[in-house]
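Engineer: my questions are about this predicted structure, shown below with the sequence.
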Amino acid sequence: MRELTFTAAAREALAEEMAQNPAIFVVGQGIGKRGGNFNTTTGLYDLYGQERLADVPISERGFVGMCAGAAMTGTRPVVDFMFLDFILDGFGELVNQVAKMQYMSSGRLKMPLLLRGCIGVGGSSATHHSGNYYPIFAHLPGFRVALPTNPYDAKGLLKTALRTDDPVLFLEHKSLLNTKGPVPEEEYTIPFGQAAVVRQGTAVTVVAFALMVRKTLEACEQLEKEGISVELIDPRTVAPLDVDTILESVRKTGRLLVVDETFGPCGMGSEVAAQIMEKGFDELDAPVRRVYGAHTPIPYSAPLEQAAVPQVPQIAQAIRDLVAE
Amino acid sequence: MAVEIVLPRLGWTMEEGTLVEWLKQDGDPVKPGEIIFTVESDKALNEIESFDEGVLRIPADSPPPGTTVPVGTLLAYILAPGEAMPTGRTTTAVATTAAAPTAAAAVAVSSRRSGPPISPRARRLAKQLGVDWSQLKGSGLSGRIAERDIQAAARAPRVSPVARRLAQEAGVDLSTLAAQKPGARLSRQDVEAALAAPPAAGESAPLSSLRRIIAQRMGQSSRETASVTLFTEADATELVALRQRFKEALGPRQQWVPTYNDLFLKLTALSLAEHPALNASWGEGAIQMHRQIDLGVAVDTEAGLVVPVLRQVDRLSLQDLAEQSAALAENARTRRLKPDQLQGATFTVTNLGMYNIDAFTPIIDLPQCAILGLGRIALRPAVHQGQVVPRHQVVLSLSFDHRVVDGGPAARFLDTVRQYTEQPHLWLGR
């Protein structure tokens, strides 16, 4: 099978959907001629021009609100924030209008709005360009949140996002953009709320998000040599969250670790732990453990930046400890 | 007001004990000081007395005799006549109502969560497999009982905690025992039977815990002491005559007749009073001179050598001495000695006379500094008042630690023992 980078796979999904659906258009900074800060739209301007690849001024609340109106009236806007951190400047519009509109209109209005941006820590992006923030959106009713971790999933999930009538956050970890993986040429989509069992194992279940899936996979390879068999689950979407797959795995292993790059309090680890305790208390052979990032703004200094988020040795040790518990 | 009777803590390290036997039955009246039941701890069998007066009531869910239960387990109530038995425990409190006469009173706090921590998954599996996890220990870093511990317990032979510990100490392979009794729960009796069975020629016998202790202490003494043994022969004719008179006088009156051992214990204690240098212990950088004369009495039991202690023997009347030593020897044979009855001797007397041994070199029981060995009392030709005549002779063997005491004082002490053996009238009045 051919191999594509993460970015190329996601761009292919956008290009294919734009070709099929003339209602799709993209707004953002530098997404026109320039092809996007992260090459999300490279080559599309030449095909569709500035009407469908519209560079807009830096005014998040303005263009988010405008796109919300456009979505309600039958188009399918894609807002490209570059860095997801800037979504916060449109947060009021998103929470109060975008997420609630279908409910407020008893379903008469749709909100097919795609919100995309890069997340995560890496490359000394510093404190305004390293945010993750997806737990906030998973907390709020009305959003769907996709966290692809490989090119195949990026394409399949973006296609689904561009076909749903709900507002979707499509979040790409900076450190994953250039990773390559097999992507079939034929058409496929990946439904939301379906976790992937990345690796089968028997001793412990690890649920990891975004880049942490790759880091945990590295840890698993070390641990396999030590005789520790890890089952790794990538939820792929955090809203909806596929608790059933996690629960099924915990039924097998009895032990659960959640690895998340972002902050611990009220985070994905808290949510997964709570749901597993509610639905599978009797399956647990040890307390649910979490590994998560430091509760701090992300530093610019590269060593400090690395120290602020979970690394492979730390994840491996957490797994060893949990298995020995 | 109902008084709770719980399994008492008989020593600070005791976590559990076996309720052996009720000496009062359900419905019996009890008075303070009366023994109501016996408990086996790891060291001894203990008699537990009541501190209260009333009627003993044993609830239906009380553990049956023979079961090992944690300290603080409710066993019974003492109620006023006609009072109804409480349903369930009413207090979180403290049961101090029953205790061994010699041990500190038990303080047992009942708590809602009893037993070791266990994971929900392990708890569910234990229920499915019918595994009693209350005595299990978790294998993990946290000590929590996990699924693997329940699986192991389900595979392992069912063994009572006492039996498990005994087997562990003695190196008995439980799986071999379990194979001989498939499906049965292995008890202390099973392990003891395995230990008692003589090994076939060519096989090795596992060490009992008592054997290990004896080996350790004898080895230590042999390595550390500067041991010298002195022998002297005493004419015991007068002593034999004295005992004969005691027998004739006391026997018909159902009183305790002192044994030869008792007579030697008494005269040894009085000799020690005159030679305090021998009533001493070797310690770190100092020699401890003892105020009391507490004699260890070596007793040969089926399980091995035990040395219970008689206190202040120099001050005991012969009658009391005879009575106490008989009780100690009996308790030693039935393993009913309490821990404090085995500790703190200042000097030891050991007797091999009944096995027709004349003289031997006893090993000093550290930290004591000397031990007296008694040989058999036998008729031998002896020079008495210028004539060779048959006399009752006995050889006295004294081993002493030359680090603590020199040959002179030791010899003078042994000579006093010889003199007292030959002339009981010298000490009989004391």
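Structural biologist: Here it is on my side, so go on. Numbering: from 1, shown residues only, chains lettered A, B, ... in the order given.
Engineer: residue B:371 in helix, strand or coil?
Structural biologist: Here residue B:371 is strand, with the state taken from DSSP: H, G, I helix; E, B strand; the rest coil.
Engineer: contacting residues for it?
Structural biologist: B:347, B:348, B:349, B:350, B:362, B:363, B:364, B:365, B:398, B:399 (CB atoms under 8 Å, 6 or more residues apart in numbering or on different chains). The C-beta positions use only the backbone N, C-alpha and C, and glycine is treated the same way.
Engineer: repeat that for 7 Å
Structural biologist: Taking CB atoms under 7 Å, 6 or more residues apart in numbering or on different chains, we find residue B:371 in contact with B:348, B:350, B:362, B:364, B:365, B:399.
Engineer: is the third one in a helix, a strand, or coil?
Structural biologist: Reduced to three states with three-state DSSP, the structure at residue B:362 is coil.
Engineer: please report how far it lies from chain A.
Structural biologist: 52 Å (CB to the nearest CB, to the nearest Å).
Engineer: look at the residue lying closest to residue A:190 once chain neighbours are set aside and report its pLDDT.
Structural biologist: Excluding its sequence neighbours, the residue lying closest to residue A:190 (CB to CB, 6 or more residues apart in numbering or on different chains) is residue A:156, at 3.3 Å. pLDDT, residue A:156: 98.
Engineer: could you double-check that residue A:156 lies in contact with residue A:186?
Structural biologist: No: using CB atoms under 7 Å, residue A:156 makes no contact with residue A:186, being 11.6 Å away.
Engineer: okay, those two: which has more neighbours?
Structural biologist: Taking other CB atoms under 10 Å in any protein chain shown, residue A:156 and residue A:186 do not tie; residue A:156 has more neighbours (23 against 4).
Engineer: would you say the more buried one is within a strand?
Structural biologist: No: checked against three-state DSSP, residue A:156 lies outside a strand; its state is helix.
Engineer: quick one: buried residues of the helix or strand containing residue B:241?
Structural biologist: In this assignment (DSSP states H and E), residue B:241 forms part of helix B:237-250. Of the residues in helix B:237-250, B:237, B:238, B:239, B:240, B:242, B:243, B:246, B:250 count as buried by neighbour count, 16 or more other CB atoms under 10 Å in any protein chain shown.
Engineer: give me every residue that touches the fourth one.
Structural biologist: This means residue B:240. B:377, B:392.
Engineer: what about residue A:166, how many neighbours?
Structural biologist: 17.
Engineer: distance between stretch B:286-295 and the chain's centre?
Structural biologist: Its chain's C-alpha centre and that of stretch B:286-295 lie 21 Å apart, by CA atoms, centre = their mean, to the nearest Å.
Engineer: re earlier: helix or strand right after the helix holding residue B:241?
Structural biologist: Taking DSSP H and E, what comes next after helix B:237-250 is helix B:260-274.
Engineer: who's in contact with the very next helix or strand once past that next one?
Structural biologist: Per DSSP H and E, helix B:260-274 leads on to strand B:280-283 as the next helix or strand towards the C-terminus. Residues outside strand B:280-283 that contact it (CB under 7 Å, 6+ apart) are B:287, B:288, B:289, B:290, B:366, B:367, B:368, B:369, B:401, B:403, B:404, B:405.
Engineer: buried residues, strand B:280-283. List them.
Structural biologist: B:280, B:281, B:282.
Engineer: near chain B, which residues of the stretch 201-325 of chain A show up?
Structural biologist: By CB under 7 Å from any CB of the partner chain, the part of the stretch 201-325 of chain A that sits against chain B consists of A:254, A:281, A:282, A:283, A:284, A:285, A:286, A:321, A:324, A:325.
Engineer: domain map for the chain?
Structural biologist: Unless you meant another one, I'm taking chain A. Annotated domains of chain A cover A:3-182, A:196-324 [automatic domain parsing].
Engineer: meant chain B actually
Structural biologist: B:3-99, B:120-211, B:226-426.
Engineer: for residue A:312, find the nearest of the ones you listed.
Structural biologist: domain B:120-211 (21.5 Å; CB to CB).
Engineer: helices of the chain, residue ranges please.
Structural biologist: Since no chain was named, I'll use chain A. A:6-20, A:44-52, A:60-72, A:91-93, A:101-104, A:134-139, A:151-161, A:211-225, A:243-253, A:268-280, A:302-307, A:312-324 (DSSP state H).
Engineer: you answered for a different chain; I wanted chain B.
Structural biologist: B:120-129, B:147-155, B:161-170, B:174-180, B:188-196, B:209-224, B:237-250, B:260-274, B:318-333, B:407-422.
Engineer: got a list of contacts for the shortest one?
Structural biologist: What it means is helix B:174-180. Contacts for helix B:174-180 (CB under 7 Å, 6+ apart): B:157, B:159, B:167, B:186, B:190, B:194.
Engineer: quick one: neighbours of the nearest residue to the fourth one once chain neighbours are set aside, just the number.
Structural biologist: Same thing as residue B:186. Excluding the flanking residues, the one nearest residue B:186 by CB to CB, 6+ apart is residue B:159, at 4.4 Å. By the measure other CB under 10 Å, the count of residues near residue B:159 is 22.
Engineer: so for residue B:159, what's the pLDDT?
Structural biologist: 75.
Engineer: try residue B:169
Structural biologist: So residue B:169 comes in at 68 (pLDDT).
Engineer: repeat for residue B:60
Structural biologist: 86.
Engineer: from the buried residues of helix B:237-250, which is closest to residue B:356?
Structural biologist: residue B:240 (16.3 Å).
Engineer: from residue B:258, how far out is the closest one?
Structural biologist: 12 Å (CB to CB, to the nearest Å).
Engineer: repeat that for residue A:199.
Structural biologist: Counting by CB to CB, the gap from residue A:199 to residue B:258 is 83 Å.
Engineer: which one's more surrounded, the two?
Structural biologist: For residue A:199 versus residue B:258, the count of surrounding residues by other CB under 10 Å is larger for residue B:258: 23 against 18.
Engineer: so what's the more buried one up against?
Structural biologist: B:243, B:246, B:318, B:321, B:322.
Engineer: would you format these as a markdown table with distance to chain A and pLDDT included?
Structural biologist: As requested, these are exported to a markdown table (distance: CB to the nearest CB, whole Å; pLDDT from 0 to 100):
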| residue | distance to chain A | pLDDT |
| --- | --- | --- |
| B:243 | 69 | 91 |
| B:246 | 70 | 88 |
| B:318 | 65 | 88 |
| B:321 | 60 | 90 |
| B:322 | 61 | 89 |
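Engineer: quick one: residue B:24 and residue B:55 touch, right?
Structural biologist: No: using CB under 7 Å, residue B:24 makes no contact with residue B:55, being 9.7 Å away.
Engineer: show me where pLDDT drops low in the stretch 301-430 of chain B?
Structural biologist: By pLDDT under 70, the stretch 301-430 of chain B has no low-scoring segment.
Engineer: what is the neighbour count of the nearest residue to residue A:268 once chain neighbours are set aside?
Structural biologist: On the basis of CB to CB, 6+ apart, the spatially nearest residue to residue A:268 that is not a chain neighbour turns out to be residue A:260, at 4.9 Å. Per other CB under 10 Å, the neighbour tally for residue A:260 reads 27.
Engineer: distance check, residue A:260 against chain B.
Structural biologist: 23 Å.
Engineer: quick one, what contacts the residue in the stretch 51-200 of chain A positioned nearest to chain B?
Structural biologist: Closest approach between the stretch 51-200 of chain A and chain B, counting by CB to the nearest CB: residue A:200, at 19.1 Å. Applying CB under 7 Å, 6+ apart to residue A:200 gives the contacts residue A:231.
Engineer: tell me the centre residue of the chain?
Structural biologist: With no chain named, the answer covers chain A. By CA atoms, centre = their mean, the mean C-alpha position of chain A lies nearest to residue A:147, the distance being 1.8 Å.
Engineer: wrong one, I was asking about chain B
Structural biologist: Centre-nearest of chain B using CA atoms, centre = their mean is residue B:337, 3.4 Å out.
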